[in-house]
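Colleague: Just to be clear, the model below is a prediction. Sequence and coordinates:
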Amino acid sequence: MTRPGVVRKLGPAIVVAAVVLGPGSILTNSRVGAAHGYALVWLLVAAALLMAGTVALAGRLGTCLEGSLGDELARRLGRPVAALVGSVAFVIVACYQVSNDAAVLAALQPLFGEEVGSTFRIGLLVGLNAAVVAALYGLRHLYRHVERLMKLLVGVMVLGFATNLWFARPDLGALFRGLVPSWPEHADLLPTLALVATTFSIAGACYQAYLVREKGWTVADHKAGLLDPLLGIAMLGLVSLVIMTTAAATLHGQVDPTALRSATDVAVQLEPLYGTSARILFGLGIFAGAVSSFLVNAMIAGVFLADGLGLGSRMDQPAPRAFTVLALLLGLGAGIAAELSGAGIVEVIFVAQSASVVGGPLLALTLLYLATRGDLSAERRVPGWMRVCALLAVAASLVLAGRTASLLLGS
């Protein structure tokens with residue numbers, strides 16, 4: 001395959017990056033940067049590297065296995081095991097959908113100001129969900145449209161956040177020193193865990209196995225299978241780093257991080273430095289992140305559950321569409337409840353994102369199990385370094401799950 005041919009193949013990992021780089025990731029990176037400056041840059045980079053390797057592994061499995069992840073689990077371990085994995089994945093991703101709906105409401109505040117009432121915000125939230133459902137049932141060859149939209153929205157995020165970084169003038173020396181592993185004193189563990197969980201998303205990584213099949217990849221596309229996650233997850237890590245660095249340069253030592261309870265709070269702190277444009281650009285980036293996560297995140301949930309139950313694994317099939325709508329409705333209901341109750345948006349995001357990693361070990365073990373099957377030989381064999389990534393993914397998921405469970409239980 002020629003190099004231009006490989007480039008034309010790229011796209012699945014951009015979709016993964018767009019859905020992972022949602023509003024929870026944006027707000028979490030801002031709060032961690034404000035709290036600890038550049039000290040946790042190394043943790044963000046490590047999480048991005050692990051994410052890239054795990055996405056590459058999932059893509060390899062998507063091209064090497066005869067069936068989908070759910071079908072392969074059912075064939076090898078039985079349909080109940082596949083159904084369990086699919087159901088757990090659905091719950092994990094549904095947690096992310098809750099934060100997406102909540103963060104759309106947060107994004108509207110810096111864009112339109114405090115005068116926007118609850119009725120308007122809830123109406124827009126309902127309208128956005130309705131538009132997603134209409135697109136889900138109205139568009140043919142859905143993957144093609146999704147990929148194009150995700151590329152556009154990632155571009156909007158890059159423009160918005162990179163412009164703020166340009167004005168922030170970060171300390172490059174401190175940034176590079178942040179690459180050396182260290183642990184800040186009195187670190188706030190819940191946002192820090194959310195930082196890792198929103199960069200290393202095991203559910204998002206697993207979805208690469210489905211996206212490459214939507215794209216039409218085969219075992220002949222292994223070169224694209226390496227370049228695609230490298231570029232896509234590099235974009236995820238870069239944008240996350242830009243957001244954290246901007247907060248470190250402008251907010252660290254200037255504000256109480258716990259006071260950053262919404263996108264408005266962050267924008268208000270930036271506006272005196274850069275003017276109204278900072279508020280608008282930050283809100284635009286948040287909104288682009290929310291929209292980019294909306295459709296694909298819900299579709300991940302729908303595809304996982306349908307595949308686990310043996311009802312199909314393609315975006316255009318009836319069961320994945322129906323379960324996608326279910327995920328949308330769950331997120332919409334929780335988002336409206338948060339708005340009406342006055343619950344803190346950032347707290348909703350932190351809890352939802354952190355709780356989602358509890359089921360991560362099961363998905364990581366699924367990748368490890370399928371990657372080590374003896375019948376994958378010759379050109380279908382999974383390279384040793386990808387198996388190592390699977391082991392690291394299992395270890396990271398177990399650590400995240402244990403620490404998150406401990407924090408959420410208050411022990």
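Modeller: Received, thanks. Numbers count the residues shown, from 1 in each chain.
Colleague: mind listing what V15 touches?
Modeller: With contact set as CB atoms under 8 Å, 6 or more residues apart in numbering, V15 has these partners: 146-147, 150, 211, 232, 296. All C-beta atoms are positioned from the backbone trio N, CA, C, and that covers glycine.
Colleague: Buried residues in stretch 247-257, which are they?
Modeller: Within stretch 247-257, the residues that count as buried by 16 or more other CB atoms under 10 Å are 247-252, 255, 257.
Colleague: Just the contacts of V15: which are in helices?
Modeller: Judged by DSSP state H, helices contain the following of those: 146-147, 150, 211, 232, 296.
Colleague: Quick check, V212 in contact with T63.
Modeller: Yes - V212 lies in contact with T63 (CB atoms under 8 Å); the separation is 5.8 Å.
Colleague: and the two? which has more neighbours close in?
Modeller: Between V212 and T63, counting by other CB atoms under 10 Å, V212 is the more crowded of the two (25 against 21).
Colleague: Who are the contact partners of the residue nearest to the more buried one when sequence neighbours are not counted?
Modeller: Spatial nearest neighbour of V212, chain neighbours left out: G62 (4.0 Å); criterion: CB to CB, 6 or more residues apart in numbering. If a contact means CB under 8 Å, 6+ apart, then G62 has 208-213, 217 as its contacts.
Colleague: returning to that earlier point: please identify which of the contacts of V15 is nearest to E339.
Modeller: In terms of CB to CB, no member of these lies closer to E339 than V296, at 23.2 Å.
Colleague: where does the stretch 251-400 of the chain have low pLDDT?
Modeller: Across the stretch 251-400 of the chain, the ranges flagged by pLDDT under 70 are 256-279, 342-358.
Colleague: That one: helices as residue ranges?
Modeller: Taking DSSP state H, counting those that start in this stretch to define them, one finds helices in the stretch 251-400 of the chain at 263-274, 276-308, 318-341, 345-356, 360-371, 384-408.
Colleague: what's the answer for the stretch 1-150 of the chain, then?
Modeller: 3-9, 12-20, 23-36, 41-64, 69-77, 79-112, 118-138, 142-168.
Colleague: what would the ones you listed look like in CSV with mean pLDDT?
Modeller: Shown next, in CSV, are these (pLDDT from 0 to 100):
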stretch, mean pLDDT
helix 3-9, 56
helix 12-20, 86
helix 23-36, 82
helix 41-64, 93
helix 69-77, 95
helix 79-112, 78
helix 118-138, 84
helix 142-168, 79
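Colleague: Check whether F282 really touches G160, as I assumed.
Modeller: Yes - applying CB under 8 Å as the test, F282 and G160 come out as touching, 7.0 Å apart.
Colleague: ok, the two, which is more surrounded?
Modeller: Set side by side, F282 and G160 show more neighbours around F282, with 30 against 24, by other CB under 10 Å.
Colleague: so who does the closest residue to M51 other than its chain neighbours touch?
Modeller: Distances taken as CB to CB, 6+ apart put F200 closest to M51, at 4.7 Å, once the chain neighbours are dropped. Listed by CB under 8 Å, 6+ apart, the contact set of F200 reads 47-48, 50-51, 54, 393, 396.
Colleague: Okay, F200 and G359: tell me how far apart.
Modeller: To G359, F200 is 14 Å away according to CB to CB, to the nearest Å.
Colleague: now R140
Modeller: 33 Å.
Colleague: Between those two, tell me which one has more neighbours.
Modeller: A direct count of neighbours by other CB under 10 Å for R140 and G359 places G359 higher, at 22 against 7.
Colleague: residue closest to the middle of the chain?
Modeller: Nearest to the geometric centre of the chain sits V20, at 1.4 Å (CA atoms, centre = their mean).
Colleague: quick one: that residue and A203 touch, right?
Modeller: No - with contact defined as CB under 8 Å, V20 does not count as touching A203 (9.1 Å).
Colleague: Which members of the ones in helices among the contacts of V15 are the farthest-apart pair?
Modeller: Taking CB to CB, the two most distant members of those are V146 and G232; they sit 13.9 Å apart.
Colleague: These two: which is more packed in?
Modeller: Shown here are V146 and G232; by other CB under 10 Å, G232 has more neighbours (26 against 23).
Colleague: ok, for that one, nearest residue in space, not its chain neighbours?
Modeller: A13 is the one closest to G232 (CB to CB, 6+ apart), at 2.7 Å.
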